[in-house]
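Asks: Quick check, what structure comes out for this input:
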Amino acid sequence: MLFNSFIFIVFIAIFFLFWPIAKKKNNSRWIYLCIASFIFYAWWDWRFLFLIILSGLVDYAAGLLMQHVPNKRKVWLALSLLMNIGALSIFKYSSFVAKTLDAMLYKVGLELHFYDNIPAFALILPVGISFYTFQSMSYTIDIYKKQLKPTKNIFHFFSYLSMFPQLVAGPIIRARDLLHQLTKNRKVSLLEFWHGLKLIAIGFFQKVVLADNIGVLVNNAFNANESYQSGPFWWVVSIGFALQIYFDFSGYSLIARGLAKWMGYHFKMNFNHPYLSTSLKQFWQRWHISLSTWFRDYVYIPLGGSKKGVGYSHLFMWITMIVSGIWHGAAFTFIVWGAIHSFFLSFERLFGKELKKVPSFIGYLFTMFQVLIAWIFFRAETTDEALIIITKLFDFSSFSLYWEQFENVYYFLLIALLFEFLYFLSLKVKAINLMYKNSWIQVVEIAILITACLFYRGPEQAFIYFQF
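Replies: Numbers count the residues shown, from 1 in each chain. Take a look at the predicted model:
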């Protein structure tokens, strides 16, 4: 079920109609959340409900066993990790491994066709599996580290794991942040409702007006890249994809946070205007914060972080970023994407003192250059395609922007840039910041955003991060 669909509006209307009654007691609240979340997830494919239930049951049991049979805590943690990583590996990476083996064996004269002959290698990827497995793993890891006590009520656990606003595309909510919130029957104030409405309105605007309209340019360019040879055009497309994926994913996160506020819960910020960053380190402190902090806390720091010296800190950072790339998808393009970020993060660490002397505007341009180049690998179907497009970026034999094909799209691209520029100005100009805090200005702003969503929405597209 997509946030940007009519059926979701019906679903939300029914959910909040009965929510005030259901949330009065813990058990009824948790059961109601579980039922609603399972319906939300089953709308895509009911068969994969069994996967999330099985994964959840294993982690629920592992958490309790770590408390009641503490001398075997490592065994129960291993069971949890095996279940979650195993499910990810089978559904997300088995076809990639099979295709890679086929290609390698073909080069030495063997044609075994693992991918074609073994149906298991052509499994459908369950939507949201990367998100809820990471969320579930954080639960058992935190219990193992004695940073969290397991919940005894199975509905309490599943209301956390399957909570529909963030189930299929994040943010990745930690159990220690949400479980205790789910035990309270909080009355949502009018101010909180208004803040939730603002988040939802901005989120829908970012998705259906900005991301979906800009997506027309990006998808057309990448699907027929041989038709476009102009370097300036590909720079525009690269900026377009950077904005498309940002507004697409940020939009989802804002809608999820807004819905949570209406329910009486708080999700932490997941994006903090990353394209205003003046370094790659700062970019990762602002981009997909729930995932970047997850990798920091559960991969980078456990490996040793910066405690084992400079050399190892670079190695652990590279491992973390490569794993992050693999998390995004089973393709070499994502590995290269992670490696590019690793390289430039290492560069920043090695020459940090010198880079601090560089004017912030130069630092900003250098950071955006790195990010845009990496995004090309992220978006391209193959590394060869990405390299061809990067070559075109530096071909200035033609300056065509193919205006006649994308005239309407360019207007939305300019609106997207203006959207971020106004936020930047609000940070620098006190008068603009005060203007945004004016309640009447906010009412007008939300009215404009909702109107734009109704009349200027782009072609309906699934959220980009559904594929991860």
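Asks: where's whatever helix or strand W294 lives in relative to the chain centroid, distance-wise?
Replies: In the assignment (DSSP states H and E), W294 maps to helix 289-295. Distance of helix 289-295 from its chain centroid, counting by C-alpha atoms, centre = their mean, to the nearest Å, is 10 Å.
Asks: So for it, what gets flagged as buried?
Replies: Residues 289-292, 294-295 are the ones in helix 289-295 that count as buried (16 or more other C-beta atoms under 10 Å). The way it works is simple: take the backbone N, C-alpha and C, and place the C-beta from them, glycine included.
Asks: of those residues, closest to I362?
Replies: Nearest to I362 among those: S292, at 24.6 Å, using C-beta to C-beta.
Asks: Next one: the closest one from F193, what distance?
Replies: 30 Å (C-beta to C-beta, to the nearest Å).
Asks: So which residues of the stretch 301-450 of the chain form strands?
Replies: Counting by DSSP state E, counting those that start in this stretch, no segments of the stretch 301-450 of the chain form strands.
Asks: same thing with the stretch 51-200 of the chain?
Replies: Going by DSSP E, counting those that start in this stretch, the stretch 51-200 of the chain shows no strands.
Asks: where in it is pLDDT low?
Replies: For the stretch 51-200 of the chain, residues meeting the criterion pLDDT under 70 lie at 96-99, 102-103, 105-106, 110-123.
Asks: repeat that for 80
Replies: Along the stretch 51-200 of the chain, the model assigns pLDDT under 80 to residues 92-125, 168-170.
Asks: what's the burial count for L210?
Replies: Here the count is done by other C-beta atoms under 10 Å, and L210 has 25 residues near it.
Asks: so what are the domain limits for this structure?
Replies: 6-185, 191-455 (automatic domain parsing).
Asks: so which of those gets nearest I464?
Replies: Closest approach to I464 among those (C-beta to C-beta): domain 191-455, 4.7 Å.
Asks: in which helix or strand would I find the residue nearest to L372 when sequence neighbours are not counted?
Replies: Distances taken as C-beta to C-beta, 6 or more residues apart in numbering place S238 nearest to L372, at 4.6 Å, with adjacent residues excluded. S238 belongs to helix 231-263 when elements are defined using DSSP H and E.
Asks: Tell me the helices and strands packed up against that helix.
Replies: Helices and strands touching helix 231-263, as assessed by 3 or more C-beta pairs under 8 Å, 6 or more residues apart in numbering; DSSP states H and E, comprise helix 6-22, helix 190-204, helix 212-223, helix 360-379, helix 383-393, helix 403-428.
Asks: Make a markdown table from those helices and add distance to I173 and mean neighbour count to it.
Replies: What follows is these, written out as a markdown table (distance: least, C-beta to C-beta, whole Å; neighbours: other C-beta atoms under 10 Å):
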| stretch | distance to I173 | mean neighbour count |
| --- | --- | --- |
| helix 6-22 | 18 | 13 |
| helix 190-204 | 15 | 18 |
| helix 212-223 | 26 | 21 |
| helix 360-379 | 24 | 18 |
| helix 383-393 | 33 | 16 |
| helix 403-428 | 25 | 14 |
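Asks: circling back to that earlier point, of the domains of the chain, which is nearest Y465?
Replies: Closest to Y465 of these is domain 6-185 (C-beta to C-beta; 4.4 Å).
Asks: measure G325 to A331 for me?
Replies: In this view, G325 and A331 are 9 Å apart by C-beta to C-beta.
Asks: Between these two, which has more neighbouring residues?
Replies: Taking other C-beta under 10 Å, G325 and A331 do not tie; G325 has more neighbours (24 against 19).
Asks: residue farthest from the centroid of this protein?
Replies: G109 (40.6 Å; C-alpha atoms, centre = their mean).
Asks: Could you check how far it is from L101?
Replies: Going from G109 to L101 by C-beta to C-beta gives 14 Å.
Asks: How about S230?
Replies: Counting by C-beta to C-beta, the gap from S230 to L101 is 39 Å.
Asks: Who has more neighbours out of the two?
Replies: S230 (19 against 16).
Asks: could you give me the average pLDDT of stretch 367-380?
Replies: Here stretch 367-380 scores 95 as its mean pLDDT.
Asks: List the contacts of it.
Replies: 218, 222, 235, 238-239, 241-242, 245, 275, 277-280, 282-283, 328, 333-334, 336-337, 340-341, 344, 383, 386, 389-390 (C-beta atoms under 8 Å, 6 or more residues apart in numbering).
Asks: Please indicate which of those residues are buried?
Replies: For the contacts of stretch 367-380, a neighbour count by 16+ other C-beta under 10 Å gives the buried set as 218, 222, 238-239, 241-242, 245, 275, 277-280, 282-283, 328, 333-334, 336-337, 340-341, 344, 386, 389-390.
Asks: Quick check: nearest residue in space to H341, chain neighbours excluded?
Replies: Excluding its sequence neighbours, the residue lying closest to H341 (C-beta to C-beta, 6+ apart) is M321, at 5.2 Å.
Asks: I meant Q244, not that one.
Replies: Nearest-residue entry for Q244: I214, 4.6 Å, with adjacent residues in sequence omitted and distances by C-beta to C-beta, 6+ apart.
Asks: Make JSON lines out of the domains of the chain and add distance to F463.
Replies: As requested, the domains of the chain are exported to JSON lines (distance: least, C-beta to C-beta, whole Å):
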{"stretch": "domain 6-185", "distance to F463": "5"}
{"stretch": "domain 191-455", "distance to F463": "5"}
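Asks: Identify whichever of these lies nearest to F466.
Replies: Across the domains of the chain, closest to F466 is domain 6-185 (C-beta to C-beta), at 5.3 Å.
Asks: first vs last residue of the closest one, how far apart are they?
Replies: Length of domain 6-185, first residue to last, C-alpha to C-alpha, to the nearest Å: 29 Å.
Asks: wait, doesn't Q461 sit right on I214?
Replies: No - using C-beta atoms under 8 Å, Q461 makes no contact with I214, being 10.6 Å away.
Asks: Identify the contacts common to the two.
Replies: Residues touching both Q461 and I214 (C-beta under 8 Å, 6+ apart): none.
Asks: Distance check, F271 against N225.
Replies: Distance of F271 to N225, given as C-beta to C-beta: 28 Å.
Asks: Equivalent analysis for A386, please.
Replies: Separation of A386 from N225 (C-beta to C-beta): 10 Å.
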